[in-house]
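# Sequence first, predicted coordinates after that:
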Amino acid sequence: MSDRTPMRVTCHCGANELRVFLAAGLEDARRCDCSFCRRRGAMNVSVRETDLQVIKGDALTLYQFGTRGAEHYFCKVCGCYTHHRRSSDNTDFGVNVGCLEGVNPAHLDPVPWLDGVNYNPGKETA
């Protein structure tokens with residue numbers, strides 16, 4: 001998959017649609033075990049802010065918690081998580097692999113897990 005091949009992202013009911021370009025394709029697919037992601041359970045891939053375009057988004061709603069650094073977007077109609085702005089880099093988004101048209105996340109398993117439980121945005125890492 002070329003990094004300039006647009007992919008369509010939709011919620012379950014189709015009220016929201018995004019167009020994304022995946023610079024790393026599906027190679028960086030991963031899951032996170034932080035308190036929120038572990039409950040949501042979605043596999044995601046990285047998309048730069050400049051490579052994400054909201055085509056239809058009137059039914060998107062925002063959820064934030066804790067430090068309010070991350071922005072999690074859901075459909076107001078069907079409740080589907082579509083994407084989130086990462087707290088670790090606010091120019092980077094995670095996009096729900098299950099919302100990518102033509103992609104079945106089960107075909108990508110196993111994927112690595114990010115240690116979100118121990119993520120500390122104020123702590124420098126080596």
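Received, thanks. Numbers count the residues shown, from 1 in each chain.

# Pull the contacting residues for N90.
E49, G69 (CB atoms under 8 Å, 6 or more residues apart in numbering). All C-beta spots, glycine's among them, are computed from the backbone N, C-alpha and C.

# Which positions in stretch 50-63 come out as buried?
D51, L52, G57, L60 (16 or more other CB atoms under 10 Å).

# pretty sure L114 is touching C32, no?
Yes. Between L114 and C32 there is a contact under CB atoms under 8 Å: 4.3 Å.

# more neighbours, the two?
C32 (22 against 17; other CB atoms under 10 Å).

# and the more buried one, what does it touch?
By CB under 8 Å, 6+ apart, the contact set of C32 is R38, N44, W113, L114, G116.

# any idea how far the helix or strand R19 falls within is from the chain center?
Using DSSP states H and E, the element containing R19 is strand 17-21. With CA atoms, centre = their mean, to the nearest Å as the basis, strand 17-21 stands 11 Å off its chain's centre.
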